[in-house]
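Participant: this is the structure alone, sequence omitted:
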C-alpha cells in the first residue's frame, strides 16, 4: 500500500483556498500511485478555528467542504481532519474528527479522545471527547487512526487517565496514522520525535504523522510530518516551514535504503525560520504586503526589520527614524546603516516639534512638576502617532519591536512603542535577540556591529540606559525564564541562588504589568510559554504583586 | 441544624485579605448559633485564579490558607472552595474542591465533576473532573455537596454526559449544598433561579446556594446566593452586588413565615448596578482611587463619567474636554454641563496646536493626498496622548468610553479613543447606552438632555455623523446581537428579514476588526457574550471576512 502525506499551509475559515489545495494534493498523490492520502487535523477549517466553531453556519460550511472533497476521492482514499456534529443529545455539539473519504463518500469517522486544553489549546471548549474505538480496514490493511494528542499520553507525565491507542491496539491494526496540529516552539520538533518513537516502541507498528505548516496569527506550525517504521526508525521527515507532499510504500519503509538523519538545527536557527514564516503568513493571509516600523538604532528594531525584509522583501519594509533631543548621534547613524545594508526604504521624522507642542500645552497643568515617566511616554506615543499615521495613509502594517524581556517587566510604553499589528520579538528574550542578531550577521554584517555592542537604551531622557532600571539582561532573562517558562515561585528561585530582592522585584514587575500585556499585539510564539493566549493571568490579582 | 451562607467579595491571590474576611464570617456565624457556614467556590484563591493555578507556590499558599482557616473551626464547621492537589499520577494535577473543615482540620473533600469550559470559563485547563461521589454526615444530617456547574446539567440542553447529583442522590442526602462562582450577565440571575428550582423539583431536597460577589477585572459577580426549601420555594435571596451573611434553620425554611418575593429588577437597572460595582472594584483592588476620561459631549463618555462618579465619588473622576476645529459648540457646552451637574472636576485642552504640528511635519510625506482616516485617527490619538500624559503624571486610571456597537464594527481609533485601563461600556450596545442614560436621568437631569437627543458623531471631520458610515443603531444593534450573542450566520439573518447587503457588510466589519479588539482594554461583562476572554476569534481567519 502506498500512503501519501500532505503537509499544507491552511488558512482558517478560507474554505475555498483550503479545499483547492487539498484537491490538488489528492490528484497529485493519485498520479503518484498513492492508495491513500493523509491530511492534517482540522485541515478543512484551518487550526485553530476558535469560536467560529460555535456558528452552525461555519460547521455547515465544513460539512459541505468535506463532502465536495469526498467527491474527488475515486481510485484514492483520503483521511482529513474536520469538526463534525455530535449526534447525541448529551455532551458538547462537536467532535474533532478524522474523516475517511473513499469512492466519493465519507465512509468512516474517528473522533479525538484526548483534547488538549492547556497553554494555547482550548479544544475542550468545543469538542466532546470520543469514547468509541474502531479501526478501519482498507486494501487489506487495518488502520488505527488517531488525532494528535491521542498518542501523547505516554511516558512519564500522564495528563489524561485514558489512552485511546491502547483501545485501538486491541483490534490488531497494521499501522498507525496520526493527524496533528502541533504548533512550533523551539523544543517541540524534538518532543514530537520522542513521543512518536515511544508509540512505535510500545505498539511495534509503523506510524505516519501529518502536521500543519504555516502561521495562523501567533501560532506557528513548523510541519516536520514524518514516517516511522515498526522498528522505531524515522524513515523520513517532511520539510520544516514549507509545504510538502510525499508518498511512501508501506513495505519499503521497513527496509529503508537510508534512514533519515534527523536534522537538528540550532534553537536560534529554528526561531529565525519560524519568525520569518510568521511575518510572511500574517501579511499574506491578511492580504497585506508592506510593513512599517520605527527604527531606533537599537537591536530590537534592527532585528525586526531584517526578519521582515526576509519575509516580505526589503522593498516592502519601511524603516522610520524618529529622533528626539535625547537621541544620540549613533542611533540615527546605526538605523540608517541598517536600512542601507538591507536596501530598504527609510524616512526620518523628528518628533521635537510635536513634543514641544505637547509640552507647551501641558505646561500650565504640569506646572513645575519634575520630568518623569509622563514625559518619557509622551515621546514614545508621538512616535506611535506618526507610525500609525503612515500606516493608515499608505496601507502598511506596523510591526511591533518589543522583546519578551521588556514585555515581561513592562518596560515599554502602552500606545507608544508597544503599538503594532504583530509583535515579532515578543516571545524572544533580550539575550536571544543578541544571539539572533549574531546569527543574522553570520555571513556578513547586516545589522551594524555598533547596534549589537552598544548598551541598550530607550533614549527617552539624557544618558538613559536599560540597566538604570533593570538588572543586567543575563540575570533578568534567567529569572524570567524560570518564572514564566518553568513556573518557579519566589522560594524556588531564591533557593536557586538568585538574590531575594531582585527576585521579588522582578516577579512583582511581571505580575503588575499584566494590564499592559493585555493590550499588546499578538506575539509570534516560539517558546513553550509565550505571552498571549497561552498565558492567562488575572489583572486585578494580588499574587506576588 | 443552622446553616450560614457567606457571600463575600474575594480578591484573586490576595490570601491575607480573603482569609481575614473568611475568618471574620466564621466567628460571626458561630456567634449567631450557626452549626456550619458555607463559602463560595474557590473562595480561598478568588475566582478565576487563571494560570496562577500552574504555580506550585500558589497552590501551596492555598493549602496553607485552608489549614489556617480550619484552625478557626471549633464549634462550627465550614465548607469552602479551594484548588487541591490530585494525588493520582494520571490526569491533571488539581481538583476544584469543596473542603469540609471541622474541629480544626480538613475532614472531607468533594471535587467538582462538571468543569465549565465555554465562554469565559477555562476550568478544564486546570482541573481533573471528579469521578468519586460521597456525601458527608454532619450533626445527624447527610449533606450532598456540589460545586456550581455540577447541578447545571439538568433540563433540556445537556452539555455533559453525566450528572453528579444523580450519583450523590443514591446515598439519600437530606440537603444539597452548592458552592458557586457564577458571574453576572443580565439574564444570569433568572437562569440560576430556574436551574436551582429544577434541582429541587427533581430531588425534593432543600438547597443552599452560595455565590461570589464583586468584580475581578472584567468578570462581575452579582451574589444572589439563595435558599430553596424542599418544595422548591425560594425562601430567601442574599443581597445582589453586596456582601452578605445570613443564617437559616433547616427546619424553619420548610414552613417559612413568608416566601421571598423574587426581585426582578429591569435589565437596565441590573447593568447599571453591575457596571458601578465593576468600576469600583477595579480601582480598589488595584489600589487606585481616581479616574480620568475624555469628555466629548457625546453620550458614551457622559454615561461612563456618571457611572465612574457613582463608583468612585464625583471628586475622584476628572473629565477632560479635548476640542478640535471639528468640535461643535454644543459638544463643549454639553460636556461642561455634565461635569457641573455631577460636581466633578474638568479641564479643557485644545488639540489644535498638536494637530497642526503633526500636519506640518507630515505635509512633505502626505503631499496632496486627500484628508482621510489617517487625519481622523491623528486627532483621536492626540487625545490619547494627552489623557495618558495626565494619567501618568497624576496617577489616574484612564477609563475607556467605547460602546459594544463601535467595538464590534471597529468604529474607533486604536491607540486613540480605544485607550484605557478598563472599558466600562464595551459590552453595552449603543441602544442600551441610550436606555442607561435615560435611567440615569430618571429622577433629574444629570446627563444633559442635548447629549441624549443629538445625532451621534465622532466629530473627526466636518459635519460627520455615525450614520454616514453605519446603519441606524436600532438595525445595527439587532444584527450584532443576533450574530454575537445568538451566533446566527448570514443565511439565518437574511431569513430573519435583514437586508442581505447590510448583513454581509456588518459581519465582515465585525470579523475584520478582530485585530483591533485584540488590543483593547478589559471590558466589564454584562451580557451573555462579551468581547474579551469569552469570545475567542482568529485574527487571520477569512470566515465572513
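Facilitator: Good, I have the coordinates. Please read all numbers here as calculations on a predicted model, not as lab measurements. Numbers count the residues shown, from 1 in each chain, chains lettered A, B, ... in the order given.
Participant: please tell me how far residue A:516 sits from residue A:531.
Facilitator: Per CB to CB, to the nearest Å, residue A:516 is found 10 Å from residue A:531. (C-beta placed from N, C-alpha, C; glycine too.)
Participant: more neighbours: which of these two?
Facilitator: More crowded of residue A:516 and residue A:531, by other CB atoms under 10 Å in any protein chain shown: residue A:531, with 24 against 19.
Participant: give me the pLDDT for residue A:464.
Facilitator: pLDDT recorded at residue A:464 is 88.
Participant: which element is it on?
Facilitator: Residue A:464 belongs to no helix or strand when assigned by DSSP states H and E.
Participant: buried set for stretch A:389-403?
Facilitator: A:389-393, A:396-403 (16 or more other CB atoms under 10 Å in any protein chain shown).
Participant: near chain B, from those?
Facilitator: A:389-390, A:392-393 (CB under 8 Å from any CB of the partner chain).
Participant: now, the most widely separated pair of those residues?
Facilitator: A:390 and A:392 (7.4 Å; CB to CB).
Participant: pull up the overlap in contacts between those two.
Facilitator: residue B:374 (CB atoms under 8 Å, 6 or more residues apart in numbering or on different chains).
Participant: let me know the helix or strand that residue A:220 is in.
Facilitator: Taking DSSP H and E as the criterion, residue A:220 maps to strand A:219-222.
Participant: paired strands for whichever helix or strand comes after that strand, with orientation please.
Facilitator: The C-terminal neighbour of strand A:219-222 among helices and strands, as given by DSSP H and E, is strand A:226-228. According to DSSP bridges, strand A:226-228 forms sheet pairs with strand A:207-210 (antiparallel), strand A:234-237 (antiparallel).
Participant: what sits up against strand A:226-228?
Facilitator: A:5, A:192-193, A:196-197, A:200, A:206-209, A:234-238, A:248, A:253, A:260.
Participant: could you redo the last one with a cut-off of 10 Å?
Facilitator: A:3, A:5, A:7, A:176, A:178, A:189, A:192-193, A:196-197, A:199-201, A:205-211, A:233-238, A:246, A:248, A:250, A:253, A:256, A:260, A:262 (CB atoms under 10 Å, 6 or more residues apart in numbering or on different chains).
Participant: give the contact list for residue A:318.
Facilitator: A:290-293, A:295, A:305, A:308, A:339, A:344-347, A:387, A:390-391, A:394, A:396.
Participant: which strand residues bridge it?
Facilitator: residue A:292.
Participant: and the residue nearest to residue A:479 when sequence neighbours are not counted, what element?
Facilitator: Of all residues not flanking residue A:479 in the chain, residue A:506 sits nearest, at 5.1 Å (CB to CB, 6 or more residues apart in numbering or on different chains). Using DSSP H and E, residue A:506 sits within helix A:500-512.
Participant: what average pLDDT does the following helix or strand past that helix get?
Facilitator: Downstream of helix A:500-512, the first helix or strand assigned by DSSP H and E is helix A:514-518. Averaged across helix A:514-518, the pLDDT comes to 97.
Participant: is helix A:514-518 up against chain B anywhere?
Facilitator: Yes: using CB under 10 Å from any CB of the partner chain, helix A:514-518 reaches chain B at A:514-516, A:518.
Participant: now what about the helix-or-strand element of chain A with minimal mean pLDDT, what contacts it?
Facilitator: Within chain A, no helix or strand scores below helix A:466-469, which has a mean of 86 by mean pLDDT, DSSP states H and E. For helix A:466-469, contacts defined as CB under 10 Å, 6+ apart pick out A:298, A:405-406, A:409, A:411, A:430, A:455-458, A:461, A:472-473, A:476, A:509.
Participant: in the helix ranked longest in chain A, what's buried?
Facilitator: When chain A is parsed with DSSP state H, its longest helix is helix A:373-394. Neighbour counts over helix A:373-394 (16+ other CB under 10 Å) mark A:374-393 as buried.
Participant: how about stretch A:313-332?
Facilitator: Quick answer for stretch A:313-332 (16+ other CB under 10 Å): A:314, A:316-324, A:326-327, A:331-332.
Participant: do the same with stretch A:486-505
Facilitator: A:487-490, A:492-494, A:498, A:502-503.
Participant: closest to chain B out of the residues you listed?
Facilitator: residue A:489 (2.5 Å; CB to the nearest CB).
Participant: reformat the strands paired with strand A:226-228 as a markdown table; add mean pLDDT and mean neighbour count.
Facilitator: Listed next are the strands paired with strand A:226-228 as a markdown table, based on pLDDT from 0 to 100; neighbours: other CB atoms under 10 Å in any protein chain shown:
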| stretch | mean pLDDT | mean neighbour count |
| --- | --- | --- |
| strand A:207-210 | 98 | 27 |
| strand A:234-237 | 95 | 20 |
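Participant: run through the stretch 151-300 of chain A and note the low-pLDDT ranges.
Facilitator: A:260, A:262-263 (pLDDT under 70).
Participant: hey, where'd the strands end up in it?
Facilitator: A:175-179, A:207-210, A:213-216, A:219-222, A:226-228, A:234-237, A:244-249, A:291-294 (DSSP state E, counting those that start in this stretch).
Participant: swap in the stretch 1-150 of chain A?
Facilitator: Going by DSSP E, counting those that start in this stretch, the stretch 1-150 of chain A shows strands at A:2-7, A:36-38, A:77-85, A:94-102, A:105-111, A:136-138, A:141-147.
Participant: and those: which comes nearest residue B:147?
Facilitator: That would be strand A:94-102 among the strands of the stretch 1-150 of chain A, by CB to CB, at 25.5 Å.
Participant: give me the number of residues near the residue nearest to residue A:199 when sequence neighbours are not counted?
Facilitator: Nearest residue to residue A:199 in three dimensions, chain neighbours excluded: residue A:151, at 5.0 Å (CB to CB, 6+ apart). Residue A:151 has 26 neighbouring residues, counting by other CB under 10 Å.
Participant: wait, doesn't residue A:151 sit right on residue A:165?
Facilitator: Yes: if you go by CB atoms under 10 Å, residue A:151 and residue A:165 touch, sitting 5.3 Å apart.
Participant: joint contacts of these two?
Facilitator: With CB under 10 Å, 6+ apart, residue A:151 and residue A:165 have common neighbours A:114, A:144, A:176, A:178, A:199, A:202-203.
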